[in-house]
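Asker: model this:
(chains A and B, ligands or ions: 1)
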Amino acid sequence: MQPVQLLAEDGTLTEHETYSPYLQGLDDDALRGLYRHMAVERRFDAEATSLQRQGQLALWAPATGQEAAQIGTIAALNPTDRVFPTYREHAMALYRGISPEELMTLFRATAHSGWDPNAYNFHLYAIVLASQTLHAAGWAMGIQQDLRLNALPRDRAADEIVLACLGDGASSQGDIHESMVFAASYQLPMLYLIQNNHWAISVPARTQSRVPLADRAAGYGFEGIRADGNDVLASYAVAAAAAESIRAGKGPKLIESVTYRIGAHTTADDPSKYRAAEELQEWSSKDPITRYRTWLTAADKADQAFFDEVKEEAEDLAADLRRTVPAMQSIDIERVFDTVYAEPHRQVETERAWLKDYEAGFAEEEGRK
Amino acid sequence: MTAESSEAAVRTLPLARAINAALRDELSADEKTLLIGEDIGALGGVFRVTDGLQTDFGEHRVIDSPLAESGILGTSIGMAMRGYRPVAEIQFDGFVFPAYNQITTQLAKIHNRTDGAIRVPVTIRIPYGGHIGSIEHHSESPEALFAHTAGLRIITPSSAQDAYWMTRQAIVCDDPVIVFEPKRRYWLKGEVDTANPAPDAFTAQVLREGTDATIAAYGPLVPVALAAAEAASVQGRSVEVVDVRSISPLDDETIARSAAKTRRLVVAHEAPTFGGFGAEIAARVTERAYHRLAAPVLRVGGFHMPYPPSGQEHRYLPDIDRMLEAVERAFAYQNGVVR
Ligand SMILES: Cc1ncc(C[n+]2csc(CCOP(=O)(O)OP(=O)(O)O)c2C)c(N)n1
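Answerer: From the prediction side, this is the model:
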């Protein structure tokens, strides 16, 4: 199955009978917005990688190369649609309004999450692979319950859907299988996005699946579509079409977004040990941002002034990060005690009190000196 | 509440029916409470604990799930995040492990990971323990494996009255709660007073007063401990019985107070003693009441082996004699040394 592509690698746009009409939802401002979001994320990503190298972050998982897959998809959804990300959806997170600093907390290890999922309709990053795809299914079951009870929160559209993200590696986990069984059985309003970036740390996608991941959906009883994940317009159109069908009550959909992870899996590994330089070269020539910029320019949708403005915005964001990240402090361990349970728990109370006493002892001793 | 109506609220029920009544009352009280599990609908669960509930509340409130434990727990988490109160049934103790990851790495931690922004009030009902003559993986006691994970609450009732109230208290609690149900006691009858709540589910209770030794037990072994205390009294030993009830939090104060009073403590559970929850109780009571104890805290439990073929379970499970043997061993000590 050839991935759906609208924008070729050289930046030329081709018509697609099914998907091109969805681009009509994008006016020139929105088209420029897609570029802006991708370009800003890439700069943010580069800055985060260098902050990690300087010892300011415990770890970083770069998303460079995957900007189109992420921005195209999230732009096709409503703000009221709930996203359950993995740990590499930086472009989507920023798109939803999560601040760069909030996004950094996990990677700086100052908190497990720097944002309130309810505030952005964007759940926490998931470290245990595919675990979140079941939470997404449960959330979707909750939507069905709400509809039954006539109790959809007022600020949400009646056709709220759920986006569950995962990688090609995570597609091998048991939880994604169970999630898709639930989604199909209960006809849940769910969109699965597998970003097939070809590598799960050092293991190639072929070790996870002998068939295109999109094909798996058929086994559960719903449709899977392959999209060129380096083509932001195809990513948008395919997601918009899938979302439309899901909103119409036709059950779940799966998009396999064929893309490539340009950088390391995380700053902890060295891709030169497991993948060929030629492969990287080949995929670099399919770069999603370059391709889109070529088209925007040729189609007269954006001029140099716009690109300069985006560059400035991205540089400002990077400069802010360089300033704010080193100042980010870990939350106090008292806050961790506070939230182990929602209601008081005897052993937690006892241990909190013990630590307080213990540390007060040192303070007293210091005072005596 | 008039005397009449509270009297009408007292019924004699088997423990399983008491849980059924608790689920029914919570389903009625809050439309956001849902049941989910395998075979819990038309069949009413393999132990019939959910009998009749789907008929009365509909298949959207009492959800027959696909056969997928991680799925049951994972989707319960998602529903809870959205404001529902799912009560998930695991069919048997030995089948909770496919969901272990969702329970320990996800359910237990979400409130903490979100810095308190999201509560996940999921209740997990697990029939546990042996003595029902079943085949492998149907008789285990995995409570210690869950007790080690912060963020979970774990309780285990031993009477119909407690089963009713502790189940209701678990469902309304804003934390995840695992209710280990002593399956061999499902048919144990007792008075259930639906008007007068049992004590807080997260406390231990002294069920029988005594002066010479304490047996602390929970779930399926509580009736055994009471019978052992009765037998001991015939021999002139006054044995106090504490029902631990709550594994997490552990009400170590109540247990230690009893041990300090009687000066001898035997802890009993069905799970293997090695690395088991009895060790936690022993350590905590020793810390609190060391100077008051005449003997080391002794444990009675299963052996360090897989649960045996049930033809041998009578030799594996603590019974009255094994408890009395431990009490006698405790009496061999005087002020910490063997007499
Ligand atoms: C259950 C589990 N096993 C192992 C890991 C360690 N791990 C983290 S990311 C990763 C590879 C994931 O690959 P993929 O799903 O393709 O996503 P990508 O990182 O390529 O975006 C592994 C093995 C984990 N986080 N969770």
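
Asker: so what secondary structure elements neighbour the longest strand anywhere in chain B?
Answerer: Taking DSSP state E as the criterion, chain B has its longest strand at strand B:265-272. Packed against strand B:265-272 by the contact rule (3 or more CB pairs under 8 Å, 6 or more residues apart in numbering or on different chains; DSSP states H and E) you find helix B:143-147, strand B:213-217, helix B:252-262, helix B:277-289, strand B:298-302, helix B:320-331. Bear in mind the C-beta positions are built from the backbone N, C-alpha and C, glycine included.

Asker: could you pull out the helices for the stretch 1-150 of chain B?
Answerer: B:3-8, B:15-29, B:53-57, B:69-81, B:100-101, B:110-113, B:143-147 (DSSP state H, counting those that start in this stretch).

Asker: before we move on, what about the stretch 201-350 of chain A?
Answerer: Remark: helices assigned in the stretch 201-350 of chain A by DSSP H, counting those that start in this stretch are A:213-220, A:232-247, A:277-284, A:288-298, A:304-324, A:333-339, A:346-368.

Asker: quick check, the third one touching the ligand?
Answerer: No. Residues of helix A:277-284 contacting the ligand under CB under 6 Å from any ligand atom: none, with a closest distance of 13.5 Å.

Asker: Determine the set of other helices and strands touching that helix.
Answerer: Partner elements for helix A:277-284 (3+ CB pairs under 8 Å, 6+ apart): none found.

Asker: Show me which residues of chain A sit near the ligand.
Answerer: A:88, A:127-129, A:167-170, A:197, A:199-201, A:261, A:265.

Asker: Which one of those is nearest to residue B:219?
Answerer: residue A:128 (30.2 Å; CB to CB).

Asker: and that closest one, what pLDDT?
Answerer: Per-residue confidence at residue A:128 stands at 97 (pLDDT).

Asker: Let me see the contact set for it.
Answerer: Counting by CB atoms under 8 Å, 6 or more residues apart in numbering or on different chains, residue A:128 touches B:101, B:105-106.

Asker: what's the spacing between it and residue A:175?
Answerer: Distance, residue A:128 to residue A:175, using CB to CB, to the nearest Å: 8 Å.

Asker: Quickly list what's touching both of the two.
Answerer: Contacts common to residue A:128 and residue A:175, judged by CB under 8 Å, 6+ apart, are residue B:101.

Asker: model confidence over the longest strand of chain B, on average?
Answerer: 98.

Asker: Direction included, what does that strand pair against?
Answerer: According to DSSP bridges, strand B:265-272 forms sheet pairs with strand B:213-217 (parallel), strand B:298-302 (parallel).

Asker: Would you agree residue A:167 is in contact with residue A:194?
Answerer: Yes. At 6.9 Å, residue A:167 counts as touching residue A:194 under the criterion of CB atoms under 8 Å.

Asker: So which of the two has more stuff around it?
Answerer: Per other CB atoms under 10 Å in any protein chain shown, whichever of residue A:167 and residue A:194 has more neighbours is residue A:194, with 30 against 26.

Asker: follow-up on the earlier one: I'd like to know which of the residues of chain A next to the ligand are buried.
Answerer: Those of those that meet the buried threshold are A:88, A:129, A:167-170, A:197, A:199-200, A:261, A:265, by 16 or more other CB atoms under 10 Å in any protein chain shown.

Asker: Distance-wise, check the residue nearest the centre of chain A relative to chain B.
Answerer: With distances taken as CA atoms, centre = their mean, residue A:89 lies nearest the centre of chain A, 2.0 Å away. According to CB to the nearest CB, to the nearest Å, residue A:89 and chain B sit 16 Å apart.

Asker: ok, residue 51 - how many residues close by?
Answerer: Defaulting to chain A. Here the count is done by other CB under 10 Å, and residue A:51 has 21 residues near it.

Asker: wrong chain, I was asking about chain B
Answerer: With other CB under 10 Å as criterion, residue B:51 counts 17.

Asker: check contacts around the nearest residue to it once chain neighbours are set aside.
Answerer: In this structure, residue B:51 finds its nearest non-sequential neighbour in residue B:44, 3.3 Å apart by CB to CB, 6 or more residues apart in numbering or on different chains. For residue B:44, the contact set (CB under 8 Å, 6+ apart) comprises B:50-54.

Asker: Tell me the one of the residues you listed nearest residue B:182?
Answerer: Nearest to residue B:182 among those: residue B:50, at 17.3 Å, using CB to CB.

Asker: tell me the phi and psi of the closest one?
Answerer: Dihedral pair for residue B:50: phi -100, psi 20, per degrees, to the nearest 10.

Asker: Quick check, it in contact with residue B:35.
Answerer: Yes. Residue B:50 is within contact range of residue B:35, at 6.1 Å (criterion: CB under 8 Å).

Asker: If you count neighbours, what's buried in the top helix by length along chain A?
Answerer: As assigned by DSSP state H, the longest helix anywhere in chain A is helix A:28-53. Residues of helix A:28-53 classed as buried: A:31-32, A:34-45, A:47-52 (neighbour count, 16+ other CB under 10 Å).

Asker: now the angle from that helix to helix A:232-247?
Answerer: Per axes from the mean of the first three to the mean of the last three CA atoms, to 10 degrees, the angle that helix A:28-53 makes with helix A:232-247 is 110 degrees.

Asker: and residue B:31, how many neighbours?
Answerer: Applying other CB under 10 Å, we find 15 other residues in the vicinity of residue B:31.

Asker: on that earlier part again, can you list the helices of the stretch 1-150 of chain B in TSV and add mean neighbour count and mean pLDDT?
Answerer: Formatted as TSV, those follow (neighbours: other CB atoms under 10 Å in any protein chain shown; pLDDT from 0 to 100):
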stretch	mean neighbour count	mean pLDDT
helix B:3-8	10	46
helix B:15-29	21	98
helix B:53-57	16	98
helix B:69-81	28	98
helix B:100-101	18	98
helix B:110-113	23	97
helix B:143-147	21	98
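
Asker: about what we covered before: tell me the contacts of the residue nearest to the centre of chain A?
Answerer: A:63, A:70, A:83, A:125, A:165.

Asker: Inside helices: which ones of the residues of chain A next to the ligand?
Answerer: Of the positions in those, not one sits in helices, assigned by DSSP H.

Asker: Columns distance to residue A:272 on top of the residues you listed, output as TSV?
Answerer: Putting the residues of chain A next to the ligand into TSV (distance: CB to CB, whole Å) gives the following:
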residue	distance to residue A:272
A:88	20
A:127	25
A:128	28
A:129	24
A:167	21
A:168	20
A:169	19
A:170	24
A:197	17
A:199	13
A:200	17
A:201	14
A:261	14
A:265	12
